[in-house]
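> 3D, please:
(one chain, ligands or ions: 3)
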Amino acid sequence: MPESSSTIYALASGTGLAGIAVVRVSGPRSSDVLITLAGKLPVPRRATFVVLRDPASSEDLDQGLVLWFPAPGSFTGEDVAEFHIHGGRASVSGLLQALGKIEGCRIAEPGEFSRRAFESGKLDLVEAEALADLIAADTAAQRRQALRGLSAGIGLVADAWRADLIRAMSFVEAEIDFSDEGDVGDGLWRRAEPIIVRLIDDIEALLTKGRSGERLREGAVVVLSGPPNVGKSSFLNRVAGRDVAIVSAYAGTTRDMLEVHLDLGGYPVTMIDTAGIRETNDPIEQEALARARKRSENADLVLWFSDAGESGISPTSSDRMWSVVNKIDLSGSLDSEDGVYPVSAKTGAGIDRLLSDLGEWAKTAFAPSESALVTRERHRLCLGSAVDALRRALLAKEPELRAEELRLSARELGRISGRVDVEDVLGGIFSEFCVGK
Ligand SMILES: Nc1nc2c(ncn2[C@@H]2O[C@H](COP(=O)(O)OP(=O)(O)OP(=O)(O)O)[C@@H](O)[C@H]2O)c(=O)[nH]1
Ligand SMILES: [K+]
Ligand SMILES: [Mg+2]
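Ligands and ions are numbered 1, 2, ... in the order given. Next up is the predicted model:
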């Protein structure tokens, strides 16, 4: 049996005890599945109350609601049946087992419903990615970004750019045809050139915003750094509200980096505890320090810790590094010099203010991403290659070379939504030719 004609089923709601569980079925046998288990095919798209019966034993499995979505008006574009049953483990496994006994039905692989939706043109690649992001979203800002991707997003924009590019390509292809008649050829390139220049500008503008879109997906990174024993791990535990990291009076306690995921005002922030920085001959500690340094270099923000009781001046905060003075419970002062956060990981003093400023920082850091369309490295790589090819096309002297670069660029743009192959691009070019000639 070819892969596409199999009927797949799976629990669509989460595992574990719940009031209601949803089991989804997709494929050509979906209507038979409904008739076999529920005894009838309900009116399309209307929740219908039924008793479900195991076809083999005629035993009642459960009672619940069923929904029937005939193709193509379904999530996957295929015939789909949904069973809303009681969420108990026995009800769910009873239904899944009964489905497994129906010929032509098998359990779905991870992501297979979405993949079928992509294959039947219900979702483009960007929408499929956004759907995965939406399911994984932890914070409100991530949810908003994923929802934007679901309603078109970068896929539609790239497809529209590709259409413009194909128009420019048709001029260049015509230029090749008219290459014997110098003047006509020049005129054609003059019509293609401004389209390409504008595309380069537009794509670059989007790429500039792009980084923050990826950051929102992955979370901003805040690294805790400073000398040993200043209370970095104690601070992390206080912020996390649990004992994530080992705390002790021994300098050099932390070796492995530990991270905590925070939701600061709706924005995702990953806070990472690192090894205290000092001169050492211990090779393991040296490795821990090398890793900590690397992490700090790539961080969006470093919180530099010092000890209120130690002499020496704590550094002043800068854009990428905030100075935190810990253990103010010992020195008994909450005086905040400019650009320094006095806190106590022990009593919690000063931590609310620091977290609230971090929330404001996250909001500013993520502000451009609220309109960012580039949410994944894949999008950025395709757009980057597309723009590189466009630039080479502008520099190329021969029309044949220009045409080749434009073709490359169009393919990269088409890869974003995943709907393109070369035939498609060629088809577009030929239709342009008919119009133009
Ligand atoms: N009084 C007081 N003691 C603290 C505070 N924060 C941490 N300590 C103590 O300071 C010592 C070191 O704390 P850690 O959290 O392990 O310090 P660290 O910076 O992670 O140390 P390393 O991992 O070794 O670099 C422990 O004995 C803590 O109990 C604080 O705010 N007040
Ligand atoms: K320590
Ligand atoms: Mg530590």
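
> do you know the pLDDT at V197?
According to the prediction, V197 has pLDDT 95.

> burial check on it, number of neighbours?
V197 has 14 neighbours, counted by other C-beta atoms under 10 Å. Placement of C-beta: from N, CA and C, glycine included.

> renumber starting at 33 from here on
Sounds good: first residue 33 from here, last item V229.

> strands along the stretch 183-332 of the chain, start to end?
Ranges of strands in the stretch 183-332 of the chain, per DSSP state E, counting those that start in this stretch, are 252-257, 290-296, 299-305.

> in its sheet, what does the last one sit against?
It refers to strand 299-305. If you go by DSSP bridges, strand 299-305 pairs up with strand 252-257 (parallel), strand 290-296 (antiparallel).

> please identify the deepest-packed of these.
Highest mean neighbour count among the strands paired with strand 299-305 (mean count of other C-beta atoms under 10 Å): strand 252-257, with a mean of 23.

> I'd guessed S45 sits against F115; true?
No - contact criterion C-beta atoms under 8 Å: S45 and F115 do not qualify, at 10.6 Å.

> what is in contact with those two at once?
Taking C-beta atoms under 8 Å, 6 or more residues apart in numbering as the criterion, S45 and F115 both touch V54.

> more neighbours: those two, which one.
Between S45 and F115, F115 has the larger neighbour count (other C-beta under 10 Å), namely 29 against 16.

> next, count neighbours for the closest residue to that one other than its chain neighbours.
Excluding its sequence neighbours, the residue lying closest to F115 (C-beta to C-beta, 6 or more residues apart in numbering) is V55, at 4.4 Å. As a burial measure, V55 scores 21 neighbours (other C-beta under 10 Å).

> could you tell me the phi and psi values at V55?
Dihedral pair for V55: phi -110, psi 130, per degrees, to the nearest 10.

> and it, what does it touch?
Y41, A42, L43, A44, E114, F115, I117, V124, L127, L128, L131.

> in the protein, spot the helix with the most residues.
Criterion DSSP state H: the longest helix present in the chain is helix 214-250.

> quick check: angle from that helix to strand 252-257?
Helix 214-250 runs at 50 degrees relative to strand 252-257, counting by axes from the mean of the first three to the mean of the last three C-alpha atoms, to 10 degrees.

> and helix 214-250, how far from the chain's centre?
24 Å (C-alpha atoms, centre = their mean, to the nearest Å).

> flag every residue of the stretch 233-382 of the chain that's near ligand 1.
Within the stretch 233-382 of the chain, the residues that sit near ligand 1 (C-beta under 6 Å from any ligand atom) are 260-266, 279-281, 283-286, 307-308, 358-359, 361-362, 376-378.

> run the last query once more with 5 Å
Within the stretch 233-382 of the chain, the residues that sit near ligand 1 (C-beta under 5 Å from any ligand atom) are 260-266, 279, 281, 284-286, 308, 359, 361-362, 376-378.

> so what does the longest helix of the chain touch, helix or strand wise?
helix 172-182, helix 186-209, strand 299-305, helix 383-398, helix 409-427, helix 431-449 (3 or more C-beta pairs under 8 Å, 6 or more residues apart in numbering; DSSP states H and E).

> highest neighbour count among the contacts of V55?
The most crowded member of the contacts of V55, judged by other C-beta under 10 Å, is F115 (29 neighbours).

> got the residues of the stretch 283-432 of the chain near ligand 3?
With C-beta under 5 Å from the ion as the criterion, the stretch 283-432 of the chain meets ligand 3 at residues T285, T286.

> now the stretch 283-432 of the chain against ligand 2: closest residue?
T285 (3.5 Å; C-beta to the ion).

> so what does that residue look like in phi/psi?
Main-chain torsions, T285, degrees, to the nearest 10: phi -70, psi -50.

> list the buried ones in the top strand by length along the chain?
Criterion DSSP state E: the longest strand present in the chain is strand 92-101. For strand 92-101, a neighbour-count test (16 or more other C-beta atoms under 10 Å) marks L93, D94, G96, L97, V98, L99, W100, F101 as buried.

> got a list of contacts for stretch 143-153?
36, 40, 42, 44, 56, 58, 104, 107-110, 155-157, 160, 163-164, 450-451.

> redo that, cut-off 10 Å
35-36, 38, 40-42, 44, 56-59, 103-104, 106-110, 112, 138, 140-141, 154-157, 159-161, 163-164, 167, 450-451 (C-beta atoms under 10 Å, 6 or more residues apart in numbering).

> any weak-confidence spans in the stretch 83-232 of the chain?
Within the stretch 83-232 of the chain, the segments meeting pLDDT under 70 span 183-184, 211-218.

> point me to the residue of it nearest ligand 2.
D170 (30.1 Å).

> and that residue, how far from G132?
From D170 over to G132 the distance is 34 Å, taken as C-beta to C-beta, to the nearest Å.

> circling back: CSV for the buried residues of strand 92-101, including distance to E392?
Formatted as CSV, the buried residues of strand 92-101 follow (distance: C-beta to C-beta, whole Å):
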residue, distance to E392
L93, 54
D94, 51
G96, 48
L97, 46
V98, 50
L99, 45
W100, 50
F101, 46
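
> can you narrow those residues to ones near ligand 3?
Counting by C-beta under 5 Å from the ion, nothing from these sits close to ligand 3.

> from the residues you listed, pick the one nearest A70.
Taking C-beta to C-beta as the measure, A70 sits nearest to V98 out of the buried residues of strand 92-101, at 5.2 Å.
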